[in-house]
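Q: for reference, the sequence and a predicted model appear below.
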Amino acid sequence: MPNVPSHNLTDQELKVSYWYITHKLTMKRWLIIGLTAVVAGLWLYFGWQIIFYVINYQTETAQTQKLIASPSSFLTSVETVKPQDMQLSDIEVLGGENGRYDFMVQAVNPNADWLVTFDYSFVDSSSTDATPRPGFILPGEQKYLLDLGHNSASGKLQITNQQWKRISNFAQIREARMRLEINDKKMELPAKTGDPTRLIFTLVNNSPFSYWNLPIQIFLMSGGTTRSINYLNLSQVKSGESRTMSVNWSQQLPYIDNVEIVPDLNIFDNNNIMSAE
C-alpha cells in the first residue's frame, strides 16, 4: 500500500477526519431536517397569530368601543385627582386716574391642595400686546388679578404658561408664613380742591420670615361695590417689622364706606424669602 502523506497529522486528528467523512451526508440530512422544522414552526406560529387575530377581532373591537364609551375606574380616578381649571370672571372696568381705566378679574382656584402659577396680561383695544407678569392663586383661594392705567375701557385677559403644583400641609404653611396684619386704616379726604384723597394704614409682619417683595392690593368700596383699586409692592419687609403706608388718589371719588387691603403674597415662592442675617 502506497504511503499517503499525512502532513504530520496525529492519530486522533485522523480519526476525527475519518468520522466526518463517513458521517457528512448524515449530518447534512439532519441539518436540512432541523432548518425545515424551524421554518415550519415559524410559519405555524405566524399562521396561528393571524387566525387568533381574525377570531378575536370582533371581541377586541367591542371591548375598545366599550372602554371609550365607559371609562374604566382607573381613568375615572385619574380625572378626579387632577386639578380643576381656574375660574375667571369677566373683566370689570373702573375709572382710574387721568382719564385712564383700571381692569380687574376675579380668579378662583377650586382645588384645596393645588397651587397654580401662570403669566397674565391685560390687552386693551388700543394696543395689540402687553408684557406678561407672573401670577398665582393659592389652594382654594379667591382673589383678583389687577392692571391699572389703560387707555381704553375694553380689553381681554391673556393667561399663559399655566402650571400646577400639588401642595401638602397647606394650612400649616399658610399659618406660619401669612402672619400679616393690617392696622389703623384711615381715609383722609382732600382739605381743598386739587388735594388727593389719602389712605393711611400700617402693615405688621408677625411671621418669622422676611420677604424681598410683598405685594398689596387695595380696594375702595361703596355700598358693597368696588369703586377704585390700587396696588403696592413693598420691598424688604422684615420679620417683626411694622410699616406705615400712604396711598393717594388724585381723581374724585364717591363716598367710600369700606376699604379692603389684601396682601398678595405667594407663600410658596422660596426665592422671595430673605435669608437670616
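A: Structure received. Residues are numbered from 1 along each chain as shown.
Q: which residues does the nearest residue to Trp164 once chain neighbours are set aside contact?
A: In space, and not counting its chain neighbours, Trp164 is closest to Pro83: 4.8 Å by Cβ to Cβ, 6 or more residues apart in numbering. Just so you know, the C-beta spots here come from the backbone N, C-alpha and C atoms, and that holds for glycine as well. Going by Cβ atoms under 8 Å, 6 or more residues apart in numbering, Pro83 touches Asn111, Trp114, Val116, Trp164.
Q: Pro83 should be in a strand, yeah?
A: No. Under DSSP: H, G, I helix; E, B strand; the rest coil, Pro83 falls outside any strand and is assigned coil.
Q: sorry, back to before: so which of the contacts of Pro83 sit within strands?
A: Counting by DSSP state E, the members of these that fall within strands are Trp114, Val116, Trp164.
Q: just give me the closest of these to Trp249.
A: Nearest to Trp249 among the ones in strands among the contacts of Pro83, counting by Cβ to Cβ, is Val116 at 31.7 Å.
Q: I'd like the next helix or strand past the helix-or-strand element of the chain with minimal mean pLDDT.
A: Considering only helices and strands, the least confidently modelled element of the chain by mean pLDDT, DSSP states H and E is helix 73-81, at a mean of 54. For helix 73-81, the succeeding helix or strand toward the C-terminus, using DSSP states H and E, is strand 87-88.
Q: and that following strand, average pLDDT?
A: Strand 87-88 shows a mean pLDDT of 96 in the predicted model.
Q: list the pairing partners of it within its sheet, with orientation.
A: Partner strands for strand 87-88, per DSSP bridges, with pairing direction: strand 101-108 (antiparallel).
Q: buried stuff in the partner strand?
A: Tyr101, Asp102, Phe103, Met104, Val105, Ala107, Val108 (16 or more other Cβ atoms under 10 Å).
Q: those into JSON lines, with extra columns for distance to Val262 and pLDDT?
A: Formatted as JSON lines, the buried residues of strand 101-108 follow (distance: Cβ to Cβ, whole Å; pLDDT from 0 to 100):
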{"residue": "Tyr101", "distance to Val262": "21", "pLDDT": "92"}
{"residue": "Asp102", "distance to Val262": "16", "pLDDT": "93"}
{"residue": "Phe103", "distance to Val262": "17", "pLDDT": "95"}
{"residue": "Met104", "distance to Val262": "12", "pLDDT": "95"}
{"residue": "Val105", "distance to Val262": "15", "pLDDT": "97"}
{"residue": "Ala107", "distance to Val262": "13", "pLDDT": "97"}
{"residue": "Val108", "distance to Val262": "15", "pLDDT": "97"}
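Q: tell me the one among those nearest to Tyr255.
A: For the buried residues of strand 101-108, the nearest to Tyr255 is Asp102 (19.0 Å; Cβ to Cβ).
Q: report the contact partners of the closest one.
A: The neighbours of Asp102, taking Cβ under 8 Å, 6+ apart as the test, are Val93, Leu94, Gly95, Gly96, Leu146, Asp147, Leu148, Gly149, His150, Ser228, Ile229.
Q: select only the buried ones of those residues in PyMOL?
A: Buried subset of those, written as a PyMOL selection, criterion 16+ other Cβ under 10 Å:
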select buried, resi 93+94+96+146+147+148+150+228+229
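Q: let's have the contacts of Asp102 in TSV, adding secondary structure and pLDDT.
A: Shown next, in TSV, are those (DSSP: H, G, I helix; E, B strand; the rest coil; pLDDT from 0 to 100):
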residue	secondary structure	pLDDT
Val93	strand	94
Leu94	strand	93
Gly95	strand	88
Gly96	coil	83
Leu146	strand	96
Asp147	strand	93
Leu148	strand	92
Gly149	strand	88
His150	strand	90
Ser228	strand	95
Ile229	strand	95
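Q: and this structure, what are its domain boundaries?
A: Following automatic domain parsing, the chain resolves into domains at 11-82, 85-168, 179-277.
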